[in-house]
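K.L.:
Output the structure for:
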Amino acid sequence: MRRRILYIAVSAVLLTILSGSIADTSARTRPEFHFQRGSELRLTWGVVPLDAVTMASSFSSEPYPHYYDTRTIADVMTDGRCYGGDGYLTGAVGLTYTYRFRKWFELSGVLTYSGYCRDFFDKYTDKFAYRYTDTQISLMPYVRFVWVHTNLVRLYSGLGLGISMEFDGDDYQLLPAFAVTPVGITVGTYIYGIAELSLGNTGLFSIGLGYKF
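P.N.:
From the prediction side, this is the model:
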């Protein structure tokens, strides 16, 4: 499984680099409209972000295995008395600022939030015992290579790399964050719709809205 994920990631990175090279040459020769530099804001929601994979063990029917790892013996005994209810993922909620430097090249800063929560109950009384939460907030610079650019439609690929802070119960840790987008599309002029296929913290499939100014 890990080898498959690594293969997909490497392939997507190579595709992104190749798309950037194609965009550099084709965008210079395509006289479709007059390009203007400017800024954009995007709000997106993505399903199956990278952190959903790291939280996959929380969906089992057993109590969360690491929740009491650093706590007392009494906590461990309490953990054995509990069972987990349904778990809920927020998906990846993203806010992006973009500046269009050239017709084929855009640079962004991407902020994403992804959360998970699950209630646990006493095995013998079925009463609520505790709630487990896991949250990741990531920040990364992101480059976008536009290989089709018209007044209405843009097709592009992108690559981002940054850091993520995970809040796991009472603990937190820093983790790498990334997003590789083999293909994305925007439809519209000043206000536009977004759809992307990606691998990483922004979600496997994302949709959203953007605004140019």
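K.L.:
Hmm, E106 and R144 touching each other?
P.N.:
Yes. The pair R144 / E106 is scored as a contact, 4.1 Å apart, by C-beta atoms under 8 Å. To be clear about C-beta, it is placed using only N, CA and C from the backbone, and glycine gets the same treatment.
K.L.:
Could you pull out the residues contacting both of the two?
P.N.:
98, 156 (C-beta atoms under 8 Å, 6 or more residues apart in numbering).
K.L.:
before we move on, which element is S39 in?
P.N.:
Under the criterion of DSSP states H and E, S39 resides in strand 38-47.
K.L.:
Flag the shaky bits of the chain, pLDDT-wise.
P.N.:
Within the chain, the ranges that satisfy pLDDT under 70 run 1-33, 52-80, 169.
K.L.:
what's the distance between the nearest residue to Y142 once chain neighbours are set aside and A177?
P.N.:
Using C-beta to C-beta, 6 or more residues apart in numbering and skipping the chain neighbours, the partner closest in space to Y142 is G160 (3.3 Å). Counting by C-beta to C-beta, to the nearest Å, the gap from G160 to A177 is 8 Å.
K.L.:
Then L95?
P.N.:
14 Å.
K.L.:
next one: Y88
P.N.:
Distance from Y88 to A177, by C-beta to C-beta: 22 Å.
K.L.:
Using the three-state scheme, assign the spatially closest residue to G46 that is not a sequence neighbour.
P.N.:
Nearest non-adjacent residue to G46, counting by C-beta to C-beta, 6+ apart: G203, 1.8 Å away. Look at G203: counting by DSSP: H, G, I helix; E, B strand; the rest coil, its state is coil.
K.L.:
And D51, by the same measure?
P.N.:
D51 - assigned by three-state DSSP - is helix.
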